[in-house]
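Asker: sequence and predicted structure are below.
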Amino acid sequence: MRIAYVVNQFPPNITAGLGRYVELITPYLAREHELTVYTPNDGRQPVDESVGGIRVYRPRTAFVSGKRLNRTRRAEFLLLALQVVVSNWRYFLRLCRRRERPDLVAVHDSTNFLSGLLCHYVLRLPVVFHVHTTEYGVAPQRSITDPLNVFAALERRLARISRRVVVATPEVGDQLRAAGWDRTPIDVVPLGGTFEGVLPSYGRDTLSAGARALRERLGLPEGDPVLLFVGRIERQKGVYQLLEAMRTVVDAVPGLRLLIVGEGDVAGVERIVASTGLRGRVLASGRFVQGQELLEHYELADACVFPSLFEPFGLVATEAMAMGRAAILGDGFSRLFLGPDPDAPAAYVVRAGEPGDIARGVIAVMTDATLRRGLAERGERFVRESLSWSRAAAETAEVYQQAAKTGAR
């Protein structure tokens, strides 16, 4: 099958979980299918290239060449959205060429609505819509201001013209159906384990040495416990409730440091830290971290906390579990992360909207070595045995095959 894969992140342009998802699943898809990725260009990448058997088309549409745009800032989000729309037009023009015509177009997230709509209405191509986030037009708490509900309307239209909608958890599927997305089949395809096939290449000794060097760079005394948060610094991720909870946690866990890794509202974190007396107990990287450096952060941590109010999937949880770290998750995560045995869960779940409950969970995990070790073991086993990128790719390809066979909607 010839697949046109429209997505906003592809290596080396990885800025969030979507980029990691694409990086890890596309090599499996390309083994059995002819895959062409259509993705924005930051001004530094070639327009056409082949990467590991995957054709990549990046039209030059960057308005700010080489600048990393932070979507948590309104002006930069709008600039990024404009770049995506212009890129989508260029994708469409390329797909108009007969030799570029695919059997199916896979559109990732509603920001690529233009490609989906044009491929359906003009080129009459079958479209599959991957929903990786509902924070723009469906979720009760959204990350953008949209009083006219433009994103919601675009998402509904794209869903209606698509032959299938793909989501990563049953909860996202339920949320979409509750929002009126009932005219298109919704397929649940859980993702793989984030470091599947990657972690063994580094070696634990190498990561341990890197973690020791990281502790020294951060000025953390040997033996002081570390709690790690990885993600965008914004309200949906529960970071503000976590900071409020830390006021209680630091009194119960001597020497504890909260390490925040991610970009976004770093200035807001610094203000809260200064006003709550947490200076020295909370450290923020202020940037997106990936690769070996990210693994070293996980290796440094005693436990990880992700108190998200809502997560379409949450690859950070699989990262922590794959690294053998106890994971404290907000109830915005899918029930999938509890693992197969609810009596012996793979993660410790807290009520994300309640700082007091976050504090209770963090204190319980950080003060009980047996609980922490049990969570780490069950989480690592859950990722290893239940999450597979080869399985995710096979199920995704099956959805594409079904969509290609289905008559036009």
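Answerer: The structure has been received and is ready for your questions.
Asker: switch to C-alpha atoms for all contacts and neighbour counts from now on
Answerer: Will do.
Asker: is residue 246 located within a strand, as I assumed?
Answerer: No - counting by DSSP: H, G, I helix; E, B strand; the rest coil, residue 246 is located in no strand; its state is helix.
Asker: show me what contacts it?
Answerer: 278, 359 (CA atoms under 8 Å, 6 or more residues apart in numbering).
Asker: try 10 Å this time
Answerer: For residue 246, the contact set (CA atoms under 10 Å, 6 or more residues apart in numbering) comprises 240, 252-253, 256-258, 273, 276, 278, 281-282, 355-356, 358-359, 362-363.
Asker: with residue 187 instead?
Answerer: 130, 164, 165, 166, 167, 168, 169, 170, 173, 395, 396, 399.
Asker: I'd assumed residue 177 was in contact with the fifth one.
Answerer: No - under the criterion of CA atoms under 10 Å, residue 167 is not in contact with residue 177, lying 11.8 Å apart.
Asker: which of those two has more neighbours?
Answerer: residue 167 (22 against 15; other CA atoms under 10 Å).
Asker: that one and residue 244, how far apart?
Answerer: Distance, residue 167 to residue 244, by CA to CA, to the nearest Å: 32 Å.
Asker: residue 38 too?
Answerer: Look at residue 38 and residue 244: by CA to CA, they are 42 Å apart.
Asker: looking at those two, which one has more neighbours?
Answerer: For residue 38 versus residue 244, neighbours defined as other CA under 10 Å are more numerous around residue 38 (28 against 19).
Asker: so who does the more buried one touch?
Answerer: By CA under 10 Å, 6+ apart, the contact set of residue 38 is 4-10, 48, 55-59, 87-88, 90-92, 94-95, 107, 115.
Asker: now which of the residues you listed would you call buried?
Answerer: Among those, those scoring as buried are 4-10, 55-59, 87-88, 90-92, 94-95, 107, 115 (criterion: 16 or more other CA atoms under 10 Å).
Asker: so which of those are in strands?
Answerer: The members of those that map onto strands under DSSP state E are 4, 5, 6, 55, 56, 57, 107.
Asker: which one of those is nearest residue 29?
Answerer: Ranked by distance to residue 29 (CA to CA), these are led by residue 5 at 10.5 Å.
Asker: if I look at the closest one, how far off is residue 102?
Answerer: In this structure, residue 5 and residue 102 are 10 Å apart, going by CA to CA.
Asker: can you check which residues contact both of those two?
Answerer: Residues touching both residue 5 and residue 102 (CA under 10 Å, 6+ apart): 35, 36.
Asker: mind listing what residue 56 touches?
Answerer: Residue 56 sits next to 4-5, 10, 35-39, 46-50 when contact means CA under 10 Å, 6+ apart.
Asker: with residue 262 instead?
Answerer: Contacts of residue 262 were listed using CA under 10 Å, 6+ apart, and they are 15-16, 229-234, 284-290.
Asker: make a PyMOL selection of the buried ones in those residues.
Answerer: To isolate the buried members of the contacts of residue 262 in PyMOL, using 16+ other CA under 10 Å:
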select buried, resi 15+16+229+230+231+232+233+234+284+286+287+288+289
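Asker: and the contacts of residue 262, which two are the farthest apart?
Answerer: Comparing every pair within the contacts of residue 262 by CA to CA identifies 234 and 290 as the most remote, at 18.9 Å.
Asker: give me the domain ranges for this protein.
Answerer: Annotated domains of the chain cover 2-192+388-405, 199-386 [automatic domain parsing].
Asker: how far does the last one stretch from start to finish?
Answerer: Read it as domain 199-386. Terminal-residue distance, domain 199-386 (CA to CA): 17 Å.
Asker: low-scoring stretches of this protein, by residue?
Answerer: For the chain, the stretches with pLDDT under 70 are 62-77, 137, 139-147, 197-198, 200, 407-409.
Asker: now do the helices in it.
Answerer: 17-32, 74-95, 113-121, 150-161, 170-178, 199-202, 204-218, 239-252, 266-276, 291-300, 315-322, 355-367, 369-386, 389-405 (DSSP state H).
Asker: can you redo these as TSV with distance to residue 344?
Answerer: Below are those laid out as TSV (distance: least, CA to CA, whole Å):
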stretch	distance to residue 344
helix 17-32	27
helix 74-95	41
helix 113-121	42
helix 150-161	38
helix 170-178	21
helix 199-202	25
helix 204-218	27
helix 239-252	25
helix 266-276	34
helix 291-300	23
helix 315-322	15
helix 355-367	15
helix 369-386	8
helix 389-405	25
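Asker: so which of these is the most packed in?
Answerer: Most buried of the helices of the chain by mean neighbour count (mean count of other CA atoms under 10 Å) is helix 315-322; its value is a mean of 26.
Asker: which strands and helices sit next to that one?
Answerer: helix 17-32, strand 226-230, helix 291-300, strand 303-306, strand 326-330, helix 369-386 (3 or more CA pairs under 10 Å, 6 or more residues apart in numbering; DSSP states H and E).
Asker: excluding chain neighbours, what is closest to the most centrally placed residue in the chain?
Answerer: Nearest residue to the geometric centre of the chain (CA atoms, centre = their mean): residue 17, 2.5 Å. In this structure, residue 17 finds its nearest non-sequential neighbour in residue 315, 6.1 Å apart by CA to CA, 6 or more residues apart in numbering.
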